[in-house]
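Visitor: No letters, just coordinates:
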């Protein structure tokens with residue numbers, strides 16, 4: 001930090017802004033446009049990048065106004081990325097460093113991770129780009145087919161294990177202590193260095209104005225700390241004069257941080273994570289718990305939870321306004337709904353919800369929802385197709401009924 005403080009906030013703002021949208025290697029990447037803050041010593045020739053980052057900060061105008069009475073609600077679509085999730089932001093840094101180490105003839109044969117889906121997709125893609133073997137430990141039958149096919153397609157060596165994510169994490173730690181495999185989970189600080197750039201990017205997209213709230217889904221809890229670190233660096237280096245309040249949103253079926261928060265930060269207890277549609281955050285013993293607590297405490301933050309019905313209804317409601325979000329973003333939106341209803345978040349508060357993955361990775365959950373096929377769930381916004389006879393009269397009858405329901409002037 002001392003080296004970075006030799007330059008003032010205006011210098012950094014101008015430098016970062018000058019690199020947006022450029023193709024000059026590697027600065028067109030949303031991560032590597034902040035190279036001096038991420039991994040300054042790496043040679044540009046060693047960087048493995050897919051020009052990740054620079055993701056859409058979407059003004060959720062209709063959703064905010066119609067359903068929440070908010071006029072300044074934004075969704076940061078981190079899932080609009082090379083492999084469809086925010087994990088690309090950290091993986092470009094980690095794999096670049098491994099690429100550098102291998103060129104230095106360090107004993108690194110491959111890179112391994114335990115994953116609930118998105119980490120393995122990012123790892124396998126970036127390793128494949130650099131010609132580095134990747135090894136993935138996945139919990140059997142716990143992730144979507146769309147997530148599973150990504151590491152397989154990218155040539156990763158995939159082990160499907162009869163355990164949950166926490167069991168996979170324990171095994172990969174043991175394996176990497178014995179074999180020359182580099183561990184790629186969020187415990188690795190290199191990934192957090194890349195992920196923090198999403199926070200810097202939000203400030204940049206708001207012309208260096210600080211939002212009031214940023215809401216982030218939380219599982220292994222590295223990302224909430226990464227966002228805090230990005231915002232805090234911008235404050236310390238003079239780019240902005242404050243940081244936003246952070247909210248970590250957890251699925252009620254995997255909510256150890258929420259329980260810790262509600263207990264007044266007394267002794268943390270891991271939980272046995274239950275099944276959740278937000279499968280990427282189905283984690284009961286998060287490795288970054290201490291850093292997440294630090295982030296929330298230092299940002300006057302809040303932790304909230306969402307039931308399965310709440311998160312799926314929030315996802316469907318958002319989709320009905322033109323988005324196509326993942327269940328994890330549904331968790332974050334559920335937290336927003338609760339905080340808005342309780343008056344904690346005001347109608348004019350500038351609020352950013354972080355969408356962590358693309359909805360196309362979770363189409364089966366959407367199919368089940370809109371088919372009313374989820375047991376014991378009130379799928380309030382289900383929109384199943386209407387089966388109609390293939391004749392003009394039947395089609396006209398159905399369309400007239402539909403149009404009347406949408407326009408009172410026709411009644």
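Guide: Everything's here; your move. Since the structure is predicted, the reported quantities are computational estimates derived from the model, not experimental observations. Numbers count the residues shown, from 1 in each chain.
Visitor: what helix or strand is residue 79 on?
Guide: If you go by DSSP states H and E, residue 79 is not part of any helix or strand.
Visitor: wait, it sits on residue 88?
Guide: No. In this structure residue 79 lies outside contact range of residue 88 using Cβ atoms under 8 Å: 9.6 Å. Using the backbone N, CA and C atoms, a C-beta is placed for each residue, glycine as well.
Visitor: A helix includes residue 121, no?
Guide: Yes. Checked against DSSP: H, G, I helix; E, B strand; the rest coil, residue 121 lies within a helix.
Visitor: Contacts only, for it.
Guide: 83, 84, 85, 87, 147, 150, 151, 154 (Cβ atoms under 8 Å, 6 or more residues apart in numbering).
Visitor: Quick one: mark the members of those residues that sit in helices.
Guide: 87, 147, 150, 151 (DSSP state H).
Visitor: If you count surrounding residues, which of residue 79 and residue 88 has more?
Guide: Set side by side, residue 79 and residue 88 show more neighbours around residue 88, with 30 against 27, by other Cβ atoms under 10 Å.
Visitor: Tell me the spacing between the more buried one and residue 40.
Guide: Distance of residue 88 to residue 40, given as Cβ to Cβ, to the nearest Å: 20 Å.
Visitor: and the least confident helix or strand in the chain by mean pLDDT, what does it pack onto?
Guide: Of all helical and strand segments in the chain, the minimum by mean pLDDT, DSSP states H and E falls on helix 145-153, at a mean of 86. Using 3 or more Cβ pairs under 8 Å, 6 or more residues apart in numbering; DSSP states H and E, the elements in contact with helix 145-153 are helix 118-130, strand 134-139, strand 157-161, helix 363-370.
Visitor: Tell me which helix or strand residue 290 sits in.
Guide: Counting by DSSP H and E, residue 290 is part of helix 289-298.
Visitor: Please enumerate the strands of this structure.
Guide: All strands of the chain, identified by DSSP state E, fall at 57-59, 73-77, 110-114, 134-139, 157-161, 181-183, 213-217, 245-251, 302-306, 351-355.
Visitor: Check which residues of the first one are buried.
Guide: If you call a residue buried by 16 or more other Cβ atoms under 10 Å, then strand 57-59 has these buried ones: 57, 58.
Visitor: The nearest residue to residue 337 once chain neighbours are set aside: how many residues sit nearby?
Guide: In space, residue 337 comes closest to residue 314 once its chain neighbours are excluded; the distance is 6.4 Å by Cβ to Cβ, 6 or more residues apart in numbering. By other Cβ under 10 Å, the residues close to residue 314 number 25.
Visitor: quick one, what contacts the residue nearest to the spatial centre of the chain?
Guide: Taking Cα atoms, centre = their mean, the centroid of the chain lies closest to residue 356, which sits 2.2 Å from it. By Cβ under 8 Å, 6+ apart, the residues touching residue 356 are 78, 79, 85, 86, 118, 216, 217, 223, 280, 326, 328, 329.
Visitor: and those as TSV, adding distance to residue 346?
Guide: Compiled in TSV, those are given as follows (distance: Cβ to Cβ, whole Å):
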residue	distance to residue 346
78	25
79	28
85	31
86	27
118	32
216	19
217	22
223	25
280	30
326	27
328	25
329	22
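Visitor: Out of these, which is nearest to residue 193?
Guide: Closest approach to residue 193 among the contacts of residue 356 (Cβ to Cβ): residue 223, at 12.5 Å.
Visitor: any idea how far residue 220 is from residue 257?
Guide: 10 Å.
Visitor: Between the strands of the chain, which one is closest to residue 266.
Guide: strand 302-306 (13.9 Å).
Visitor: Does anything pack onto the closest one? Which helices or strands?
Guide: With contacts defined as 3+ Cβ pairs under 8 Å, 6+ apart, strand 302-306 has these neighbours: strand 245-251, helix 256-262, helix 327-341.
Visitor: Please point out which parts of the longest one sit buried.
Guide: Of the residues in helix 327-341, those scored as buried under the neighbour-count criterion (16+ other Cβ under 10 Å) are 327-340.
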